[in-house]
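S.K.: Okay, sequence plus prediction incoming.
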Amino acid sequence: MSPSDDQAAVERVLGGDIAAFEEIVRRWQSPLVNLAYRFCHDRGRAEEMAQEAFLRAYRGLAQWRKDAAFSSWLFALAANFYRSEIRRIPARIVSIDDVREPVDPRASDGGLEDHDRDRAVRRAVFALPEKYREALILFYFHDMDVPAAAHSLGLPEGTFKARLFRGREILRGKLPHVLAMPQLKEA
């Protein structure tokens, strides 16, 4: 499904073909559940939050102005709802100070295996303050470019870039050996 397919499905829904919304849900369900999971760290709750985000999207379809991609509008709507939901019922968050760089005893060079490194980075990202965590999640975990991610969060691009930079700096300070490798792309 392409952006034009999204637009066609939205127009069919707005024209009265309610079943066309199923196409939208099928395409975006996994990304919205994954985004919700990044906020709450609970798969069941993430699925419930994504379902509610789709319900809100359905009710607000007429508000999509079509000046941005449907996916940007949907992700912005979902992220705003997820932030509100997490404020209402906070997720259990680990302090960034409690995140330690793991050492994989199996690695002959004393380094980390890819899986362990990824897990350490994800745990550290989840422990960041919300404004940095959201920027890093959209940019790295959801592969959104700067303009789309900034739009999703309702931020100017410069502010978004500053949050990415600061989030990366916090992570580099907390996990220097893990992040010494060139895996954090620059914006």
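M.R.: Alright, I've got the coordinates. Numbering: from 1, shown residues only.
S.K.: rest of the way, CA atoms for contacts and neighbours
M.R.: Fine.
S.K.: which parts of the helix-or-strand element of the chain with minimal mean pLDDT are buried?
M.R.: Ranked by mean pLDDT, DSSP states H and E, the helix or strand of the chain with the weakest confidence is helix 114-126, at a mean of 77. Residues of helix 114-126 classed as buried: 116-117, 120-121, 123-126 (neighbour count, 16 or more other C-alpha atoms under 10 Å).
S.K.: can I get those in a markdown table with distance to A8?
M.R.: Compiled in a markdown table, the buried residues of helix 114-126 are given as follows (distance: C-alpha to C-alpha, whole Å):
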| residue | distance to A8 |
| --- | --- |
| D116 | 43 |
| R117 | 42 |
| A120 | 41 |
| V121 | 39 |
| R123 | 39 |
| A124 | 40 |
| V125 | 36 |
| F126 | 36 |
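S.K.: re the thing from before, buried set for whatever helix or strand comes next after the least confident helix or strand of the chain?
M.R.: Next along the chain after helix 114-126, taking DSSP states H and E as the criterion, comes helix 130-136. Across helix 130-136, burial judged by 16+ other C-alpha under 10 Å covers 132-136.
S.K.: again, but for stretch 66-74
M.R.: With burial defined by 16+ other C-alpha under 10 Å, the residues of stretch 66-74 counted as buried are 70, 72-74.
S.K.: so how many other residues sit close to E85?
M.R.: By the criterion of other C-alpha atoms under 10 Å, E85 has 16 neighbours.
S.K.: pLDDT weak spots in this structure?
M.R.: 1, 91-115, 177-187 (pLDDT under 70).
S.K.: How is the chain divided into domains?
M.R.: 3-88, 96-174 (automatic domain parsing).
S.K.: returning to what we had before: return the list of helices and strands in contact with the least confident helix or strand of the chain.
M.R.: Counting contacts by 3 or more C-alpha pairs under 8 Å, 6 or more residues apart in numbering; DSSP states H and E, helix 114-126 is packed against helix 130-136, helix 157-174.
S.K.: residues touching V125, list them.
M.R.: Neighbour list for V125: 133, 136-137, 171 [criterion: C-alpha atoms under 8 Å, 6 or more residues apart in numbering].
S.K.: Which of those sits closest to E47?
M.R.: Using C-alpha to C-alpha, I137 is the member of the contacts of V125 that lies nearest E47, at 17.6 Å.
S.K.: What about that closest one, how many residues nearby?
M.R.: Neighbours of I137 (other C-alpha under 10 Å): 20.
S.K.: Isn't it up against R38?
M.R.: Yes. Counting by C-alpha atoms under 8 Å, I137 touches R38, with 7.2 Å between them.
S.K.: Which two of the buried residues of helix 114-126 have the greatest separation?
M.R.: D116 and F126 (15.3 Å).
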